[in-house]
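> just the structure for this:
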Amino acid sequence: MPPKRDPVQDRIKAFNLKCDHSDPQTVQQLVRQQLGDPHCLMVARAAQVSSQRCFYDLEQDLLKAYQRFLKNPVKKDPNCIAKGAIARALVDLDCKDYTFFISGLHYRQKEPVWGGSVDTAVDVRVSCAMGLSQTSYPRALIELVTAIHDPEEQVRIGAARAMISTPPQAAEAVLRAKALEKDPSINVTAEVLTALLHVAPEDALDFVSCFLENETDAELIEAISFSLGESRLDGALDVLRSCWNKQPLKRKQEEVFLKGAVFHRSEKAFSWLLDVVAEEDRASAVFIINELVIYRTNEKLKAQLQKKVLQRADDELTAHFHKVWD
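This next block holds a predicted model:
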């Protein structure tokens, strides 16, 4: 017996097909129509298309659709499927309705699970944090202070990222205070310090450097190092290099600073890593050879790395290079 067809999924497929074969004006009308659909999955797909097609004229339709799903939300919009997609679309469409984002920033939706309940509005709050930061609302940072102390880790991370778009000096003060507070989540602290380098790349450099150098939690040091590398800021690379140079005898834990530089993927970062291969201990050279292999299609980097390896006149290291890179 064939499986029973899902009528909602069939409607979504038909909607997608029409969008793929219609002109922009027709697609916009189709999206507007589907935003009025009672089913959360259909509305979520319509919201995605409105964002992908940059239908700025549909802002009010999206806001109205969101309001509908606030009534009996657990039944009509489980897991905030529609509301989450709408909030993301409004951020992408550069919505300036700060009242909407403030409301969403405080929205909770508790849904029953085995042994208790779970808040399914986390993604809504994360999107609204970013959306609020991109408005001209003068008290946006004040609202984000609440979000950076949200019970959910992802919301706190989202609030830290959103603060990058708020007035720098005030954001720097909030982020410094949050860093010193020592959030129970390692990922949040790493994100806070990364955001701090964005809002005050020069003034916060010493703070972040000292914070990292004085930290004893290996997992937190690793998370911060990786976040610093992924930020791709020149100042972040300087912090990683400073921490590496502070320890004359390199241990396994110092490798996280090199890994951060690998994530930085700038010419400056590659230059430093190549110098380490050429001049420093063998274990560090092996580590870098292994980690840089993610850029094996970069012929220029490969040639530079091979040159540094050959300069060491270490047959074993040279053989390892060819085994990993060739």
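
> which stretches in the stretch 1-150 of the chain count as helices?
Secondary structure of the stretch 1-150 of the chain (DSSP state H, counting those that start in this stretch): helices at 7-20, 24-34, 40-52, 59-68, 73-76, 81-92, 98-105, 122-133, 140-147.

> in CSV: those, plus mean neighbour count and distance to E111.
Every residue, glycine included, has its C-beta placed from N, CA and C. Compiled in CSV, the helices of the stretch 1-150 of the chain are given as follows (neighbours: other CB atoms under 10 Å; distance: least, CB to CB, whole Å):
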stretch, mean neighbour count, distance to E111
helix 7-20, 13, 20
helix 24-34, 16, 25
helix 40-52, 23, 13
helix 59-68, 19, 18
helix 73-76, 15, 5
helix 81-92, 25, 12
helix 98-105, 20, 17
helix 122-133, 25, 12
helix 140-147, 19, 21
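
> out of these, which comes closest to V256?
Proximity to V256 (CB to CB) singles out helix 122-133 among the helices of the stretch 1-150 of the chain, at 27.0 Å.

> how far does the closest one sit from its chain's centre?
13 Å (CA atoms, centre = their mean, to the nearest Å).

> quick check: angle from that helix to helix 81-92?
Interaxial angle, helix 122-133 versus helix 81-92 (axes from the mean of the first three to the mean of the last three CA atoms, to 10 degrees): 20 degrees.

> alpha carbons of the helix-or-strand element of the chain with minimal mean pLDDT, in CSV - could you do that?
Lowest by mean pLDDT, DSSP states H and E among the helices and strands of the chain is helix 205-214, with a mean of 84. The C-alpha trace of helix 205-214 is given here as CSV (Å, rounded to 0.1, in the frame of the first residue of the first chain):
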residue,chain,number,x,y,z
LEU,A,205,42.8,44.4,22.3
ASP,A,206,44.6,44.5,25.6
PHE,A,207,41.5,43.4,27.5
VAL,A,208,41.0,40.4,25.3
SER,A,209,44.7,39.5,25.3
CYS,A,210,44.9,39.6,29.1
PHE,A,211,41.6,37.7,29.4
LEU,A,212,42.9,34.9,27.2
GLU,A,213,46.4,34.8,28.8
ASN,A,214,45.0,34.7,32.4
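
> let me know the pLDDT of E255.
Looking at E255, its pLDDT reads 91.

> distance from the chain centre to the least confident helix or strand of the chain, please.
22 Å.

> what sits up against that helix?
Contacts to helix 205-214, defined as CB atoms under 8 Å, 6 or more residues apart in numbering, come from residues 176, 179, 193, 196-197, 221, 224-225, 228, 235-236, 238-239, 242-243, 246.
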